[in-house]
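# here you go, sequence then predicted model.
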Amino acid sequence: MTVILGSGSPRRLDLLRSLGVEPRVVSPDIDESVLVGELPIDYVRRLASAKLDAVMKTVGGVNVGAIVIAADTTVDVDGVIFGKPVDDAEAVKMLLALSGRSHQVHTGFAVAVAGPGCRGVDWDGHVEVVSSTVTFRSVPIPEIITYVDSGEPRDKAGAYAIQGGAAGFVEQVEGSLNAIIGLPIERLTEICAALGAPLR
């Protein structure tokens, strides 16, 4: 069974590899701008679908039977989307806003089995959002600056990696840790099995 991951995220690649899956990686080129008035859950659902559309248009018609997976993750602070920081100063600002409080992490994922004649919007699959809640302890500014100086926050939604150097900031997690990292492996496995294309 061929698996195609529509994401350039090394975290998502590692999560699939943890299942013994070695996917082909296709990084979709889509506009990730937030629409006016768009809620965080709607945003990740739309981007996951758009990424799957883009991958299907590229490879779907010539990879019949392949499982195609796409996903997007964002941090939600009272309805405000915290994406990837544009620079270190914004990363510090984001982490200060997360310090000493709870926030939500939403991961939208889309999965489908490629069929003949796929043209992006023609896929028949599944799109879902998995939400988790993360609570940070009160993190002193020097700790935040040291973490940002490590460079790790630069390509992470919300400016942190829960499986990396920010693990010590976390007081509590409610929900799927894998979804927070970037892909809800537990739920994805169930959906793929339901589509007749088990990952395991």
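All right, it came through fine.
# any regions of the chain where pLDDT drops low?
Within the chain, the stretches with pLDDT under 70 are 60-62, 115-124, 200.
# same thing but at 80, please
Along the chain, segments meeting pLDDT under 80 span 1, 59-64, 115-124, 200.
# need the strands for it, in chain order.
Using DSSP state E, the strands found in the chain span residues 3-6, 24-25, 67-77, 80-82, 102-113, 125-136, 170-174.
# can you add distance to Ala157 and give these back as CSV?
C-beta here means a position set from N, CA and C on the backbone, and glycine is covered the same way. As requested, the strands of the chain are exported to CSV (distance: least, C-beta to C-beta, whole Å):
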stretch, distance to Ala157
strand 3-6, 17
strand 24-25, 19
strand 67-77, 5
strand 80-82, 6
strand 102-113, 8
strand 125-136, 12
strand 170-174, 15
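# indicate which one of those strands is closest to Lys156.
With respect to Lys156, and counting by C-beta to C-beta, the nearest of the strands of the chain is strand 67-77 at 8.9 Å.
# other SSEs contacting the closest one?
strand 3-6, helix 40-59, strand 80-82, helix 88-98, strand 102-113 (3 or more C-beta pairs under 8 Å, 6 or more residues apart in numbering; DSSP states H and E).
# and the ones you listed as TSV, adding mean neighbour count?
Shown next, in TSV, are the helices and strands packed on strand 67-77 (neighbours: other C-beta atoms under 10 Å):
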stretch	mean neighbour count
strand 3-6	24
helix 40-59	22
strand 80-82	17
helix 88-98	19
strand 102-113	24
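# which of the ones you listed sits closest to Gln172?
The minimum distance between Gln172 and the helices and strands packed on strand 67-77 falls on strand 102-113, with 7.8 Å, by C-beta to C-beta.
# quick one, the closest one and strand 170-174 angle?
Angle of strand 102-113 versus strand 170-174, following axes from the mean of the first three to the mean of the last three C-alpha atoms, to 10 degrees, is 50 degrees.
# Val148: how many residues sit nearby?
Neighbours of Val148 under the rule other C-beta atoms under 10 Å: 24.
# that one reaches Ala159, doesn't it?
Yes - when contacts are counted by C-beta atoms under 8 Å, Val148 is listed as touching Ala159 (7.4 Å).
# that older thread, out of the strands of the chain, which comes closest to Pro40?
Closest among the strands of the chain, using C-beta to C-beta: strand 67-77, at 3.9 Å.
# what pairs with that closest one, parallel or antiparallel?
Strand pairing for strand 67-77, determined by DSSP bridges: strand 3-6 (parallel), strand 80-82 (antiparallel), strand 102-113 (antiparallel).
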